[in-house]
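S.K.: Okay, predicted coordinates and the sequence, questions at the end:
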Amino acid sequence: MVHGNSTNFKWQRVVIKVGSALIAPDRKGVSSRYLLGIAQFIVRCREMGIQVVLVSSGSVAAGAHLFPDIDKPSVSIKKAMAAAGQTEMIGIWNNLFDFSTAQILMTHGDLRDRERYVSIKNTIHTLLDNGILPIINENDTVTTDKLRVGDNDNLSAMVAAASDADVLIICSDINGLYDKNPRTYDDAVLVPVIKEINKHTYAMAGSEAGLLGTGGMRTKVEAAEKATSHGIDTFIINGFSETAFNQLLAGQNPGTHFFPVAKPMKELVHWMTYTSDAQGEVVVENDFEFDMDIQSELLTSEAIAEVRGQFTVGDTVLITKRDGTKLAKAVSNYSSCLLSFIADQADDSFATDFQSNTGSIISPKNMAMLNNKTV
Ligand SMILES: Nc1ncnc2c1ncn2[C@@H]1O[C@H](COP(=O)(O)OP(=O)(O)O)[C@@H](O)[C@H]1O
Ligand SMILES: N[C@@H](CCC(=O)OP(=O)(O)O)C(=O)O
């Protein structure tokens with residue numbers, strides 16, 4: 001746990017996310033220029049008994065030099081860059097350590113499937129228990145718009161939650177979050193501490209990324225929101241600066257430190273809120289409220305105004321009011337077809353009988369209240 005501007009370094013497990021500009025700063029293939037300092041930090045953490053998981057971006061940037069005549073690469077060229085760059089990148093990381101490393105490539109399609117998520121989680125823990133450094137990236141070659149996380153900031157927060165980490169360190173090409181983009185405004189000021197992430201935090205982050213990166217500060221704030229709501233301290237630091245790593249090791253905050261929330265979400269609720277992806281929507285009337293006291297009647301067909309999308313039993317659905325308010329995400333015990341059918345019956349007794357035989361539509365142990373969060 002970290003306090004104020006200093007740390008007492010009681011971390012047991014750290015996730016370190018490294019941005020593309022640190023891997024291939026000149027787009028001439030991978031370079032060890034900045035990776036040496038990061039590798040030294042990883043080694044020192046491990047010497048202190050802290051387990052480390054590395055999330056490394058940079059496969060596209062690392063592979064770009066193999067396609068020298070292409071100014072504006074298409075999606076398929078970028079995927080080819082990623083495939084070729086990934087081996088260069090893993091090669092250089094592997095050479096920097098005298099212990100074993102392991103590569104894990106994943107997509108959002110893997111993380112949002114509970115069984116695959118648990119499998120990833122178990123593999124990470126098994127690697128750590130055996131002293132092996134997991135090096136993780138999105139599997140860009142197989143992603144589609146529907147399947148991808150799209151940026152490694154959010155991916156690193158999902159990985160931090162899956163790893164049960166207590167700190168996430170996002171290494172970027174800039175000192176931390178400024179009150180506005182310092183590449184545009186000379187008078188931008190570094191924000192050292194964020195105690196609560198809100199719309200002002202997002203306003204400061206804006207939406208511009210650097211030349212090599214994806215998502216800029218916005219996706220880093222999204223990542224910090226995901227991680228801190230799971231009780232994970234989050235830092236954005238300058239990965240170019242060895243001083244920043246030394247400061248962290250000395251218990252100081254070298255960049256922006258996002259404090260964990262006072263009451264972190266439980267693991268399953270956190271996964272449902274931030275990692276699972278709703279396959280459909282169950283729309284209820286505007287005056288609907290969950291009555292948590294009667295669990296079997298948490299959501300009954302009479303309350304349903306509309307069923308949107310196609311989902312099967314066990315899929316996650318979004319429960320929204322007609323006015324668009326996001327109430328909850330929950331695992332549906334009914335398919336969209338069946339739910340539409342029983343909700344459309346004019347005779348309420350049909351639905352009541354059906355539900356008393358088949359069971360409730362959703363159950364509280366598989367639901368996460370959203371309070372209109374952006375997820
Ligand atoms: N408020 C801000 N504070 C800091 N950086 C900002 C801000 N707004 C935009 N940026 C841009 O975000 C960049 C870092 O994000 P990004 O390019 O995605 O890097 P990375 O590869 O580390 O993920 C900075 O170099 C800067 O150009
Ligand atoms: N999976 C991509 C990373 C995309 C990404 O988020 O990049 P960055 O903003 O530099 O962390 C790659 O390896 O190129």
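M.R.: That came through fine. Ligands and ions are numbered 1, 2, ... in the order given.

S.K.: Neighbours of K199, how many?
M.R.: When neighbours are counted by other C-beta atoms under 10 Å, K199 registers 8. Every residue, glycine included, has its C-beta placed from N, CA and C.

S.K.: Report pLDDT for it.
M.R.: Per-residue pLDDT puts K199 at 95.

S.K.: What's the mean pLDDT across the longest helix along the chain?
M.R.: Counting by DSSP state H, the longest helix found in the chain is helix 75-96. Mean pLDDT, helix 75-96: 96.

S.K.: partner strands of the helix or strand that it is followed by, parallel or antiparallel?
M.R.: Sequence-wise, the next helix or strand downstream of helix 75-96 (DSSP states H and E) is strand 101-106. Here strand 101-106 is paired, per DSSP bridges, with strand 133-138 (parallel).

S.K.: Could you tell me the average pLDDT over the partner strand, please?
M.R.: 98.

S.K.: who touches it?
M.R.: With C-beta atoms under 8 Å, 6 or more residues apart in numbering as the test, strand 133-138 has contacts from 42, 52-57, 59, 86, 89-90, 93, 97, 99-107, 123-124, 127-128, 148-150, 152, 155, 159.

S.K.: now swap in stretch 76-96 and tell me
M.R.: 23-24, 29-30, 32, 35-36, 39, 54, 56, 58-64, 66-67, 70, 73, 101, 103, 105, 135, 137, 140-141.

S.K.: of those residues, buried ones?
M.R.: Listed as buried from those are 23-24, 29-30, 35, 39, 54, 56, 58-64, 101, 105, 135, 137, 140-141; burial here means 16 or more other C-beta atoms under 10 Å.

S.K.: out of those, which are inside strands?
M.R.: Under the assignment DSSP state E, the buried ones among the contacts of stretch 76-96 contribute 54, 56, 101, 105, 135, 137 to strands.

S.K.: Tabulate the residues you listed in a markdown table, adding columns for distance to A368.
M.R.: Listed next are these as a markdown table, based on distance: C-beta to C-beta, whole Å:
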| residue | distance to A368 |
| --- | --- |
| L54 | 29 |
| S56 | 30 |
| T101 | 34 |
| L105 | 27 |
| I135 | 30 |
| N137 | 27 |
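
S.K.: Specify which member of those is nearest to S363.
M.R.: Closest approach to S363 among these (C-beta to C-beta): L105, at 33.8 Å.

S.K.: From ligand 2, how far out is that closest one?
M.R.: Computed as C-beta to the nearest ligand atom, to the nearest Å, the L105 to ligand 2 distance reads 9 Å.

S.K.: now do A351
M.R.: 46 Å.

S.K.: Identify the residue nearest K220 in space, chain neighbours excluded?
M.R.: Distances taken as C-beta to C-beta, 6 or more residues apart in numbering place D153 nearest to K220, at 4.8 Å, with adjacent residues excluded.

S.K.: check contacts around that neighbour.
M.R.: Each residue near D153 by C-beta under 8 Å, 6+ apart is listed here: 17, 170, 215, 219-220, 222-223.
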